[in-house]
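**Q** sequence isn't available, so here's the structure alone:
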């Protein structure tokens, strides 16, 4: 996480979950690639019990990051899993 | 307008781990052992590294990358004990170093002329445990001013570490710290841990620690062939 990216303006201090949320956004952007969808509508994330991620914090951070295109209409769906899994499961887009 | 679901199934750490693997390959190709120091804030990472650099500066080429939330204070402290450039990574509030930051720092480190790389992570016993930097091993500093149950409270840090250094041992007579209980607690989390016991302030226990670093560097430089 670095200063000056504009994403964190007005937020509480950066935290572990914010790093994870930013990585989720980058993975999503890579996944949609050259599709140029009109909007990302849903991002499904699997979070393991032992992943070291506090889900409410992660949801808060994602909500904060989902303010600008292509995420403006996106909602995060966090699925609690076992183990230490932490992954972007799927992305729903409108084309 | 149609809705499409893209199956992604990509681990959040995947990109970091790819970069960490590349960092590890480069360090191993150069036979440069690297240790990633993690601990709670104030456990004594910087003082231990100061003493380590002061002791090894004349016999070994040690490179240092040090991370801090704000300020370059630690880098400034460490730079007084080495002729080499200390790489300061200011995370601007970020709670850990990541592999990309190490990759960037390596651009300024001549690995062929480096016998040992020491990475001082941000003071935090949670997040740094989750991020692979490409290091040879993570080392946890466990100060005896903390609770004996730290390993059970922060198990991941002790699970991913290979070495635990009990620090501030000079304070033991003044505290109620249960040293045997702390060791037992750490071994319950990770039975394979190797321990060092020292006081960087007094120098007690530093010989064993420095010997470990010398052997680590020598093994990589002059590998024993079976």
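**A** Arrived safely. Just so it is clear, the structure is predicted and the values come from calculations on it, not from any experiment.
**Q** every contact and neighbour count from this point should use C-alpha atoms.
**A** Will do.
**Q** could you pull out the strands in chain A for me?
**A** A:39-48, A:75-81, A:86-94 (DSSP state E).
**Q** do you know which of these lies nearest chain B?
**A** strand A:86-94 (3.9 Å; CA to the nearest CA).
**Q** got the angle for that closest one vs strand A:75-81?
**A** Interaxial angle, strand A:86-94 versus strand A:75-81 (axes from the mean of the first three to the mean of the last three CA atoms, to 10 degrees): 150 degrees.
**Q** what's next to strand A:86-94, contact-wise?
**A** Applying CA atoms under 8 Å, 6 or more residues apart in numbering or on different chains, the external contacts of strand A:86-94 come out as A:24, A:27-28, A:31, A:37-48, A:51, B:1-13.
**Q** now a ChimeraX select for only the buried ones of those.
**A** Filtering the contacts of strand A:86-94 down to the buried ones (16 or more other CA atoms under 10 Å in any protein chain shown) takes a single ChimeraX command:
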select /A:24,27,28,31,37,39,40,41,42,43,44,45,46,47,48,51 /B:8,9,10,11,12,13
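**Q** okay, now the unreliable bits of chain B?
**A** Regions of chain B meeting the criterion pLDDT under 70 cover residues B:220-226.
**Q** quick one: which helix or strand includes residue B:22?
**A** When elements are defined using DSSP states H and E, residue B:22 is found to belong to helix B:14-29.
**Q** the helix or strand following that helix near chain A anywhere?
**A** As assigned by DSSP H and E, the chain's next helix or strand after helix B:14-29 is strand B:34-38. No - on the criterion CA under 8 Å from any CA of the partner chain, strand B:34-38 is out of touch with chain A, staying 15.3 Å away.
**Q** other residues contacting the strand or helix carrying residue B:74?
**A** Taking DSSP H and E as the criterion, residue B:74 maps to helix B:73-79. For helix B:73-79, contacts defined as CA under 8 Å, 6+ apart pick out B:46, B:49, B:50, B:53, B:66, B:68, B:85, B:86, B:87, B:88.
**Q** same question for stretch B:170-177.
**A** By CA under 8 Å, 6+ apart, stretch B:170-177 touches B:144, B:145, B:147, B:148, B:198, B:199, B:201, B:202, B:204.
**Q** tell me where chain B has helices.
**A** B:14-29, B:45-56, B:73-79, B:99-106, B:150-153, B:155-160, B:179-189, B:206-221 (DSSP state H).
**Q** hmm, the shortest one in reach of chain A?
**A** It stands for helix B:150-153. No - Helix B:150-153 does not reach chain A (CA under 8 Å from any CA); its nearest approach is 12.3 Å.
**Q** list the helices and strands that helix packs on?
**A** helix B:179-189 (3 or more CA pairs under 8 Å, 6 or more residues apart in numbering or on different chains; DSSP states H and E).
**Q** and chain A, is the helix it packs on touching that?
**A** No - applying CA under 8 Å from any CA, one finds helix B:179-189 separated from chain A by no less than 14.3 Å.
**Q** alright, calling it a day.
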